[in-house]
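> Provided below for reference: sequence and predicted model.
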Amino acid sequence: MAGLVSIDEVRAAARRLHGVAVRTPLIPFPAARPAEVLIKPESLQPTGAFKLRGAYNAIAALPDADRRRGVVAHSSGNHGYAVAYAAALLGVKAAIVVPDNAPKVKTDAIESAGAELVRVRPTLAARIEGSLNIARARGYAQIPPFDHRQVIAGQGTIGLEIAEDCGPHAPAAVLVPVSGGGLISGIAVAIKALRPQAKVIGVEPELAADARESFRSGTRVAWTAADVARTAADALRVEQVGELTFPHIRELVHDIVTVTEEEMLAAVRTLALRARLVAEPGGAAAAAASLFRSAGELGVQGGPLVVVLSGGNVDPVLLARVLAPDTESYNR
């Protein structure tokens, strides 16, 4: 296997993404416990999540002949919409393989972008198999959701922007939601190259904590589809971190912590009411850690902390329940 993605690959991705991805700001989050917390709201991307960065970079980097044949991706929703959107921008045919329990708000978005939607059983293995079958039958290029150098480099542009926008004062830590590991891998590449004193800390649901278990054991651990399906954070239901992302996590990430379902949903509410930002449960995972874990629990001293809000494609019914005056209504 090739080595870790380099900062030069991230910078090349930033050039490709210029004018396509929004350079999201750093917004103060006064509700969080530490003295200074800044939110990086990737929910403001045109597709509502950070995934546009990696998807567009990967498709744009393909040889012309490969792009002309088309692309295929498997996704729980956000990556699929990002590939569909990026493919439409680049004039490329796209097929998106999703689990049959993917949220309607995400599958509707994929179809609205003009991509073909293919539904499979709600397991990572079924998604991978479905994507591979289409690639073989049609000659489409595969755009994986996380285990791909160009995808990781594209997500790394978030870290590049954080490092630049924080100026000479490095954050004490950057908190990042973890699923397959592409987002935290890319961000860690950029942060460790440009602000090496800052810690990169992953956050995932207690009910889908395969990345934390992998990180602490030193080997990739897989959880079952039934296990990870318990979390409301559909964007974080991947059963195992990637073969390429795990070395990045092992070498560049300081720690991985978990949050409860109640903490994530409370963070969705707080982000909406205090920061005026819409977040899906998985997108709010890092914000939940800043709300419910002290700096000591996170292993950091001082500040600021930067929290990546990774996505805002939330089911409207769930959001309405979370925002109801009875703050516990989302638990029913």
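Looks like it came in fine.
> Can you report phi and psi for residue 134?
With angles defined as degrees, to the nearest 10, residue 134 shows backbone torsions of phi -70, psi -40.
> what's the nearest residue to it if we skip its chain neighbours?
For residue 134, ignoring the flanking residues on the chain, the nearest one in space by CB to CB, 6 or more residues apart in numbering is residue 72 at 4.5 Å. For every residue, glycine as well, the C-beta is placed using N, CA and C.
> Secondary structure of that neighbour: a strand, I assume?
Yes: the secondary structure assignment for residue 72 places it in a strand, going by DSSP: H, G, I helix; E, B strand; the rest coil.
> For it, which residues count as its bridge partners?
Each beta-bridge partner of residue 72 is listed here: residue 95, residue 142, as defined by DSSP bridges.
> Would you confirm that it contacts residue 140?
Yes: if you go by CB atoms under 8 Å, residue 72 and residue 140 touch, sitting 4.2 Å apart.
> got the domain boundaries for the protein?
7-49+148-331, 52-142 (automatic domain parsing).
> State the distance spanning the first to the last residue of the shortest one.
Going back to what we said before, that points to domain 52-142. The stretch domain 52-142 measures 15 Å between its terminal residues, going by CA to CA, to the nearest Å.
> How about stretch 12-25?
With CA to CA as the measure, stretch 12-25 spans 21 Å from end to end.
> So for it, mean pLDDT?
Per-residue pLDDT values over stretch 12-25 give a mean of 98.
> which other residues reach it?
Stretch 12-25 is contacted by residues 40-42, 44-46, 52-53, 56-57, 60-61, 86, 89, 150, 153-154, 156-158, 160-161, 165 when judged by CB atoms under 8 Å, 6 or more residues apart in numbering.
> Run the chain-centre distance for that stretch.
Here stretch 12-25 shows a centroid-to-chain-centroid distance of 16 Å under the convention CA atoms, centre = their mean, to the nearest Å.
> ok, now stretch 108-121?
Averaged C-alpha coordinates place stretch 108-121 at 19 Å from its chain's average position (CA atoms, centre = their mean).
> From start to finish, how long is that stretch in a straight line?
First-to-last residue span, stretch 108-121, CA to CA: 18 Å.
> do stretch 238-257 as well
16 Å.
> Same check on stretch 226-235?
One end of stretch 226-235 sits 15 Å from the other (CA to CA).
> now stretch 211-230
Counting by CA to CA, you get 16 Å between the two ends of stretch 211-230.
> what does stretch 25-37 give?
Between the opening and closing residues of stretch 25-37 lies a distance of 13 Å (CA to CA).
> do stretch 59-79 as well
Comparing the first residue of stretch 59-79 with its last one, the separation is 12 Å (CA to CA).
> how far does that stretch sit from the chain's center?
Here stretch 59-79 shows a centroid-to-chain-centroid distance of 18 Å under the convention CA atoms, centre = their mean.
> How about stretch 157-169?
The chain centroid and the centroid of stretch 157-169 are separated by 18 Å under CA atoms, centre = their mean.
> Could you pull out the buried residues of that stretch?
Going by neighbour count (16 or more other CB atoms under 10 Å), the buried part of stretch 157-169 is 157-163, 166.
> now it: mean pLDDT?
Stretch 157-169 shows an average pLDDT of 92 in the prediction.
> what do you get for stretch 179-188?
The average of the pLDDT scores along stretch 179-188 is 97.
> ok so, going back, in helices, which of the contacts of stretch 12-25 fall?
Here DSSP state H is the test, and those give 52-53, 56-57, 60, 86, 89, 150, 153-154, 156-158, 160-161, 165 as lying in helices.
> Dihedrals phi and psi, residue 217?
Taking degrees, to the nearest 10, you get phi -90, psi -20 for the backbone angles of residue 217.
> Around it, how many other residues sit close by?
Neighbouring residues of residue 217 were enumerated by other CB atoms under 10 Å; the total is 9.
> The one 5 residues further on now?
Residue 222 is flanked by 16 other residues according to other CB under 10 Å.
> who's in contact with it?
Each residue near residue 222 by CB under 8 Å, 6+ apart is listed here: 210, 239-240.
> same thing but at 10 Å, please
Residues in contact with residue 222, defined by CB atoms under 10 Å, 6 or more residues apart in numbering, are 124-125, 210, 213-214, 228, 238-241.
> Quick check: the two most widely separated of those residues?
Taking CB to CB as the measure, these reach their widest spread between 125 and 213, a distance of 19.0 Å.
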